[in-house]
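**Q** Sequence plus the predicted model coming up.
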Amino acid sequence: MLRKQAFSPEKYDKNIMAALPYYEEYFKQIIEIVHTAFHIPIAWLDIGCGTGKMADMAIRNLQVENMVCCDNSPQMLKIAKERVCSLKVDFRKVLIQNLQYNSDFDIITAILIIHYLEYEERIASIRNCYNALKKNGLFFTVENFAPNNECLKDYIWNGGKSISTKMGKAKKNVKAIYLDIIQNTFQSPLWSKFMYCRNVDLKM
């Protein structure tokens, strides 16, 4: 079950940008990657679409044939509909763990949504995303988490460019810690399997 929403829909964009300095970069980099990877019209599923920021940028900058935007909040969907005026976009009130698609999308995005879910729901959600992707499709998910040690905190806040020598950690070791925390965030071997199996058309 989704936990209580962190922000009211009206203040969401403003508040989240204040809390996450690189929030804008998430969307910009996804657009750049998709632009490089696909040169044909694409089908896109945006999960937890919020105020429609991802959809707005995708429609404006890419060849989107059709896009489905899902969110569990009627208020968010209302704002997203007002923001994105395109017949190519379909807005639906549905939970990520209840998705029922089968190889329908070239791109799937889930920005700051999976952390709202409980452990078992995360597994089901990632499996649903895998099933919804076409072969050679791309799944993007972005999550925020709190560093659990000073060395990693120093690494993150300095953008990976400066490591505190007093911690006695080499940069490569800090990166290993960083990756370990990401894996622990999802707490499931299914996540690692998902990252590799879509391109070779394996079944989970």
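**A** Sure, I can see it.
**Q** Can you check the pLDDT for Gly160?
**A** pLDDT, Gly160: 54.
**Q** My error: substitute Ile30 in the last question.
**A** In this prediction Ile30 is given a pLDDT of 96.
**Q** That one reaches Phe139, doesn't it?
**A** No. If you go by CB atoms under 8 Å, Ile30 and Phe139 don't touch, sitting 10.8 Å apart. In this view, the C-beta of every residue, glycine as well, is placed from N, C-alpha and C.
**Q** joint contacts of the two?
**A** Residues touching both Ile30 and Phe139 by CB atoms under 8 Å, 6 or more residues apart in numbering: Thr109.
**Q** Buried ones in the lengthiest strand in the chain, by neighbour count?
**A** The longest strand of the chain (DSSP state E) is strand 133-142. Buried residues in strand 133-142, defined by neighbour count with 16 or more other CB atoms under 10 Å: Leu133, Lys134, Gly137, Leu138, Phe139, Phe140, Thr141, Val142.
**Q** quick one: strands adjacent to it?
**A** strand 105-111 (parallel) (DSSP bridges).
**Q** just the CA coordinates of the partner strand, formatted as PDB?
**A** The C-alpha trace of strand 105-111 is given here as PDB (Å, rounded to 0.1, in the frame of the first residue of the first chain):
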ATOM      1  CA  PHE A 105       6.100   0.200 -24.200                       C
ATOM      2  CA  ASP A 106       9.500   1.200 -25.500                       C
ATOM      3  CA  ILE A 107      10.100   3.500 -22.500                       C
ATOM      4  CA  ILE A 108       9.000   3.200 -18.900                       C
ATOM      5  CA  THR A 109       9.800   5.800 -16.300                       C
ATOM      6  CA  ALA A 110       9.200   5.600 -12.500                       C
ATOM      7  CA  ILE A 111      10.600   8.800 -10.900                       C
END
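**Q** quick one: contacts of it?
**A** Taking CB under 8 Å, 6+ apart as the rule, strand 105-111 contacts 26-27, 30, 34, 38, 42-48, 50, 54, 68, 96, 125, 129, 132-134, 137-142.
**Q** cutoff 6 Å now
**A** 26, 34, 42-47, 54, 129, 132-134, 137-142 (CB atoms under 6 Å, 6 or more residues apart in numbering).
**Q** what do you get for stretch 57-69?
**A** By CB under 6 Å, 6+ apart, stretch 57-69 touches 27, 31, 34, 41-46, 49, 55, 80, 86, 88-91.
**Q** Flag every buried residue along that stretch.
**A** Met57, Ala58, Ile59, Leu62, Val64, Asn66, Met67, Val68, Cys69.
**Q** What about the residues you listed, which are in strands?
**A** Using DSSP E, the buried residues of stretch 57-69 in strands are Val64, Asn66, Met67, Val68, Cys69.
**Q** what's the burial count for the closest residue to the last one other than its chain neighbours?
**A** Beyond its immediate neighbours in the sequence, the residue positioned closest to Cys69 (CB to CB, 6 or more residues apart in numbering) is Cys49, lying 3.8 Å away. Cys49 has 30 neighbouring residues, counting by other CB atoms under 10 Å.
**Q** show me the contacts for Cys49.
**A** Cys69, Asp71, Ala80.
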